[in-house]
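> Here is my input; please provide its structure:
(one chain, ligands or ions: 2)
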Amino acid sequence: MTTQSPTQDLKDAIGARVDATLEEIQALYRQLHQTPELPFQEHRTSERIAGALEGLGFEVTRGVGGTGVVSLLRNGEGPTVMLRGDMDALPIKEQTGLDFASRETAIAEDGNEVPLMHACGHDLHSSCVVGAAGVMAALREHWSGTLMLVCQPAEEIFGGARAMLDDGLYERFGRPDVILGQHNMPALAGTIGHIAGSAMAACTNLAVTIHGAGGHGSMPAQTVDPVVIAAHVVTRLQTIVSREVPPEETVVVTVGKLHAGTQANIIPHSAELEINIRSFDNTLHRQVVVAIERIVRAECEAGRSPKSPEFRVLSETIALHNDPSAVEQVRRAHGEHFGEASLYDMPRLNGSEDFPFFGSAEAGGFGGEDIPYVYWFIGATPAERWAEAPGESVSQKMRHLEMPHSPYYFPGNAVTLRTGIEAMSAGALAYLGVGNGRKPLSTQDTMP
Ligand code: ZN
Ligand code: ZN
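Ligands and ions are numbered 1, 2, ... in the order given. Alright, predicted model coming up:
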């Protein structure tokens, strides 16, 4: 008779629990997928998640930061591990052809009706949190500490994490010692990508109004033309990246919207710009935003603008910086659980997330020390589709596959769902597990 290692026992126990509940989680996932909702409108979604967690015996609180759901499983002494999922969908018309594809619509902020789709897989992330909750509840004799489950609204507009923190997330439910989150991506289903340190970009979407003094197109001397000022602004903004940002840094400044006027013979009163800024360093990011404001103000002054320009931040998030030692700990646990062959090194992404607010004392507004976090990526492309895609590396193949936010994107296959549930469970057990050969982190190890 062979004796299995404690790690193998735990791995088998997680697998058996996932086998027993996968159908149920798939049913929840399909329901969520079929009824997507816009940011901060996730009423049915959050109710379904809250109901599923209550069914597992968790303490559940609804309505945190709007539609956020917080749930705790207290299981003796030890650290608190937070697992985070998101719930919101996108205004996209689903083209996947699935039998449970969304046909939903909603009224957007501007009053227009928009189609809805879970094109970023947030339905998958929340389903994985519920699945991991089930695993952790069933395996409670294998761990000690507190499991905190947070399903947030409005990730796509970078609003939900801050809304939950502003609603007293940590004051009301306790402050976690480590935070774990994940996102699906076009990589082989069943694989997991990790990246330590700088992983995703800070992002600001800034609206600018430039004021002129409108009039007849034939009499420019009696007007202040905001179109000419705006044109100078757009050109001058290019000097931020080329002349102000050190060449070794990656920064993007894109003017994605430029609007003024109605027809050729009218000089308009104002011009509107929308600017997208991305970078990987929060301090440098601030400097770039300040530089944009400086240039806009100076061009308005140069162009005799009668009124100061106006700036409005449409949405904003900070850079995602994975704690290197927490990444190492979680990666080791994932290696033991899935096997090293299932892990890959994730390249840094230009995309952005509001997840890092949960870990940043300053930007998250909760004070004290930052909280270490790990955000990893789970492959969502079925094996046959992956094999067909040209290229060798993950980044080469990714270019030939549907990406999140595409109307054809569908990450919700059984392998990915299962991987996401197991990755969250194994990640939580890396901190909470006892008797599995790992030293559980005492509160003293993580508290300043
Ligand atoms: Zn998205
Ligand atoms: Zn997303």
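> Any stretches of the stretch 1-150 of the chain with poor pLDDT?
For the stretch 1-150 of the chain, applying pLDDT under 70 flags the ranges 1-6.
> Helices of that one, start to end?
Taking DSSP state H, counting those that start in this stretch to define them, one finds helices in the stretch 1-150 of the chain at 6-34, 43-55, 122-138.
> got a markdown table for those, with mean neighbour count too?
All C-beta spots, glycine's among them, are computed from the backbone N, C-alpha and C. Listed next are the helices of the stretch 1-150 of the chain as a markdown table, based on neighbours: other CB atoms under 10 Å:
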| stretch | mean neighbour count |
| --- | --- |
| helix 6-34 | 17 |
| helix 43-55 | 19 |
| helix 122-138 | 26 |
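> could those be laid out in JSON lines, adding distance to Ile421?
As requested, those are exported to JSON lines (distance: least, CB to CB, whole Å):
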{"stretch": "helix 6-34", "distance to Ile421": "6"}
{"stretch": "helix 43-55", "distance to Ile421": "13"}
{"stretch": "helix 122-138", "distance to Ile421": "3"}
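> For Asp166, grab phi and psi.
Note on Asp166: backbone dihedrals following degrees, to the nearest 10 are phi -60, psi -20.
> ok, the residue nearest the centre of the chain to His232 distance?
For the chain, the residue whose C-alpha lies nearest the mean C-alpha position (CA atoms, centre = their mean) is Glu353; its distance is 3.4 Å. Here the criterion is CB to CB, to the nearest Å. By it, Glu353 lies 34 Å from His232.
> Quick check on Glu94: phi, psi?
Per-residue torsions, Glu94: phi -70, psi 130 (degrees, to the nearest 10).
> thought it was touching Pro407?
Yes - between Glu94 and Pro407 there is a contact at 5.9 Å, judged by CB atoms under 8 Å.
> what is in contact with the two at once?
Contact with both Glu94 and Pro407 is made by residues 117, 119, according to CB atoms under 8 Å, 6 or more residues apart in numbering.
> Settle it for me: which of these two has more neighbours?
It is Glu94, of Glu94 and Pro407, that has more neighbours when counted by other CB atoms under 10 Å, with 25 against 16.
> OK, contacts around that one?
With CB under 8 Å, 6+ apart, Glu94 has these contacts: 101-103, 115-117, 119, 407.
> go on, Glu244?
Shown in contact with Glu244 (CB under 8 Å, 6+ apart): 287-288, 291.
> Pick the one among those residues closest to Met87.
The closest of those to Met87 turns out to be Val288 (CB to CB; 31.0 Å).
> Can you pull out the residues in contact with the helix or strand where that closest one lies?
According to DSSP states H and E, Val288 maps onto helix 282-302. For helix 282-302, the external contacting residues (CB under 8 Å, 6+ apart) are 202, 204, 206, 208, 210-211, 229, 232-233, 236-237, 239-240, 244-245, 249, 251, 253, 275, 277, 279, 308-309, 311, 318-319, 363.
> Buried only: go through those residues for me.
Neighbour-count burial (16 or more other CB atoms under 10 Å) is assigned, among these, to 202, 204, 206, 208, 210-211, 229, 232-233, 237, 240, 245, 251, 253, 275, 277, 279, 309, 318-319, 363.
> was I right about Pro153 contacting Gly65?
Yes - between Pro153 and Gly65 a contact is recorded at 6.7 Å, counting by CB under 8 Å.
> shared neighbours, those two?
When contacts are counted by CB under 8 Å, 6+ apart, Pro153 and Gly65 have 160, 163-164 as shared neighbours.
> And for the nearest residue to Glu94 once chain neighbours are set aside, the neighbour number?
Using CB to CB, 6 or more residues apart in numbering and skipping residues adjacent in sequence, the residue nearest Glu94 is Met117, 4.0 Å away. Residues near Met117, counting by other CB under 10 Å, number 26.
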